[in-house]
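Visitor: Pasting the sequence and the predicted model now:
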Amino acid sequence: MKAIIIAGGKGERLKSISGDLPKPLVKIGNKTILEHQFDWLKRNGIKEVTLCLGYRAELFQQLFGDGSKFGLKIDYSVENSPLGTAGAVKNIPSLPESFLIIYGDLVGDVDLNKFVSFASQKGGLGTLLIQDLIRVDVNAIEIDNNYHVVKIHPKKAVVPGTKNNYNNAALYYLTRKLVDEIPEGKSCDFANDIFPKVLNEGKILYTYYTTEFLDDMGTPEWYHKALTLWKQGKFGEPKPAIFLDRDGVINEVEHEEYIDRIDKVRIIPQAAEAIRKLQEHFPIVVVSNQGGAVAGGRASEDEVKKINLFIKNKLAEQGAEIDAFYYCPHYPINYRRPAKREEYVLDCTCRKPKSGMFLQAAKDLKIDLNHSFSIGDSTTDTKAGKGAGCTTILVSTGYGGKDNSVDSQPDYICENILKAAELILELYLKKEEKL
């Protein structure tokens, strides 16, 4: 199976983010949109790709070459003037009997093998993947009880909730017979021109409904949504993350002080700037021991969650986003401090210096721990990060490593979270350049 990716447009609606870059070359985290698509195709065993190009075609060819660097076989079809989505496919010199069409601003994790299997069994001119109608800025597809396409509605013509109408997801299984319906050398679009044409001629287009994740980022709003979903592990390959201890790294804390009330929260001055620098490249995850608050009887779990939310909101006011909080409410058995809540006394796997919170976050958010970074102010933070496989950084704020709880040496020592962020970016960007 070959995938044809439509990547010839300028992406005018995303220009505030993309600048002069073509939209498919905008990065989501550590990879361009196209590279996320390549990963998605490879996960489904699809390794032959044609890129339909127009605007700045030479940049794509320079970046991706023959595709061997990405484990793919890539060729190119370049239009001299804009041909539209359908015209761009007609412009390809040689096509297989059937193929996938993917628009260049899509990211997703749809099982393409199931889609292809369904569509190939149906036959006909092609099958359109559809999803619940939640957006009005894309075409709506009206279907009958047999899931045949009845009509393609223009953008904004159908409101969400309209019976038998679904969003056009811009992912198609098409045949050469459908391409025969496209006029030669003329600019035309699948959804606005070719699909309505064949329907008017009484020909059948099938649909395939799925709730699997699939989204485009044609506007800044949807781009930022996609970036958030990538951080949450909804699509893409496992990626590196930043793990932060809370008190002593993000929040100021005195020796032996417990942050058990919101009025004790004092955000470290450099924290917001540090997180802003990191958040475009990594998910930001807070992992903190809160046994002193919960098991120690100073605060309930609900109160810990409220404190975490308060910290998240205070940082967000400065443009710094925390993607997830994990905390351990336990004291270990025979701990040196007395517990007020015995039900929280147990030998858990989440309390640092164990690495349970890191492992859970990796599972939840699809994180590559071996390329992640951990920033903490104590030896327990360092040991937990090392146990998870992360590169560890000890900061001089908070305990500054003087807790002496366990014997564990960090990979790096920095003055504060901002210096740690700058070091991480230096290390990370150097590694990206080598790749």
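Guide: Nice, I can see it. Remember, it's a predicted structure, so these values are computed and weren't measured experimentally. Numbering: from 1, shown residues only.
Visitor: For the spatially closest residue to Ile182 that is not a sequence neighbour, give me the pLDDT.
Guide: With Cβ to Cβ, 6 or more residues apart in numbering as the criterion, Ile182 has its nearest non-adjacent residue at 4.2 Å, and that residue is Lys90. No exception for glycine: its C-beta is placed from N, CA and C like everyone else's. For Lys90, the pLDDT comes out at 97.
Visitor: Can you tell me how far Lys90 is from Lys151?
Guide: Going from Lys90 to Lys151 by Cβ to Cβ, to the nearest Å gives 23 Å.
Visitor: Please say which of those two ends up with more neighbours.
Guide: Per other Cβ atoms under 10 Å, whichever of Lys90 and Lys151 has more neighbours is Lys90, with 21 against 17.
Visitor: For the more buried one, give me its contacts.
Guide: By Cβ atoms under 8 Å, 6 or more residues apart in numbering, the residues touching Lys90 are 83, 179, 182-185.
Visitor: And Gly104, by the same measure?
Guide: 5-9, 22-24, 33-34, 37.
Visitor: okay if I get those residues as CSV plus secondary structure, neighbour count and distance to Ser396?
Guide: CSV is the format used below for the contacts of Gly104 (DSSP: H, G, I helix; E, B strand; the rest coil; neighbours: other Cβ atoms under 10 Å; distance: Cβ to Cβ, whole Å):
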residue, secondary structure, neighbour count, distance to Ser396
Ile5, strand, 24, 48
Ile6, strand, 24, 52
Ala7, coil, 27, 47
Gly8, coil, 26, 52
Gly9, coil, 22, 50
Pro22, coil, 25, 44
Lys23, helix, 26, 43
Pro24, helix, 26, 43
Ile33, helix, 26, 39
Leu34, helix, 25, 42
Gln37, helix, 23, 43
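Visitor: Lys264 is in contact with Glu254, isn't it?
Guide: No: Lys264 is beyond contact range of Glu254, at 9.7 Å (criterion: Cβ atoms under 8 Å).
Visitor: Looking at these two, which one has more neighbours?
Guide: With neighbours defined as other Cβ under 10 Å, Lys264 and Glu254 compare such that Lys264 has more, 15 against 11.
Visitor: Report the separation between the more buried one and Val304.
Guide: Applying Cβ to Cβ, the value for Lys264 to Val304 is 12 Å.
Visitor: How about Gly319?
Guide: 25 Å.
Visitor: Neighbour count for these two, which is higher?
Guide: Using other Cβ under 10 Å, the more surrounded residue of Gly319 and Val304 is Val304, with 21 against 11.
Visitor: Which other helices and strands does the helix or strand encompassing the more buried one contact?
Guide: Assessed by DSSP states H and E, Val304 sits inside helix 301-316. Helix 301-316 sits against helix 271-279, strand 324-328, with contacts defined as 3 or more Cβ pairs under 8 Å, 6 or more residues apart in numbering; DSSP states H and E.
Visitor: pLDDT weak spots in the stretch 51-200 of the chain?
Guide: Within the stretch 51-200 of the chain, no stretch has pLDDT under 70.
Visitor: could you pull out the helices for it?
Guide: Secondary structure of the stretch 51-200 of the chain (DSSP state H, counting those that start in this stretch): helices at 57-64, 84-90, 112-122, 176-179, 195-200.
Visitor: For the ones you listed, give me JSON lines that also has distance to Leu418.
Guide: Shown next, in JSON lines, are those (distance: least, Cβ to Cβ, whole Å):
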{"stretch": "helix 57-64", "distance to Leu418": "32"}
{"stretch": "helix 84-90", "distance to Leu418": "46"}
{"stretch": "helix 112-122", "distance to Leu418": "43"}
{"stretch": "helix 176-179", "distance to Leu418": "55"}
{"stretch": "helix 195-200", "distance to Leu418": "53"}
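Visitor: Of all those helices, which one is nearest Lys402?
Guide: Nearest to Lys402 among the helices of the stretch 51-200 of the chain is helix 57-64 (47.8 Å), distances taken as Cβ to Cβ.
Visitor: starting at the chain centroid, how far to the closest one?
Guide: Distance, stretch centre to chain centre, for helix 57-64: 24 Å (Cα atoms, centre = their mean, to the nearest Å).
Visitor: same deal with stretch 31-43?
Guide: 11 Å.
Visitor: buried ones in it?
Guide: For stretch 31-43, a neighbour-count test (16 or more other Cβ atoms under 10 Å) marks 31-41 as buried.
Visitor: How about stretch 155-164?
Guide: Within stretch 155-164, judged by 16+ other Cβ under 10 Å, the buried ones are Val158.
Visitor: Check stretch 166-177 too.
Guide: Of the residues in stretch 166-177, those buried (16+ other Cβ under 10 Å) are 166-175.
Visitor: Using PDB, list the CA coordinates for that stretch.
Guide: Listed next in PDB are the C-alpha coordinates belonging to stretch 166-177 (Å, rounded to 0.1, in the frame of the first residue of the first chain):
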ATOM      1  CA  TYR A 166     -20.100  13.400  10.000                       C
ATOM      2  CA  ASN A 167     -16.900  15.200   9.700                       C
ATOM      3  CA  ASN A 168     -14.700  14.600   6.600                       C
ATOM      4  CA  ALA A 169     -11.400  13.500   8.300                       C
ATOM      5  CA  ALA A 170      -9.300  14.100   5.100                       C
ATOM      6  CA  LEU A 171      -8.100  10.500   5.000                       C
ATOM      7  CA  TYR A 172      -9.200   8.500   2.000                       C
ATOM      8  CA  TYR A 173      -8.700   5.100   0.400                       C
ATOM      9  CA  LEU A 174      -9.000   5.800  -3.300                       C
ATOM     10  CA  THR A 175      -8.700   3.900  -6.600                       C
ATOM     11  CA  ARG A 176      -7.300   4.700 -10.000                       C
ATOM     12  CA  LYS A 177     -10.900   4.600 -11.300                       C
END
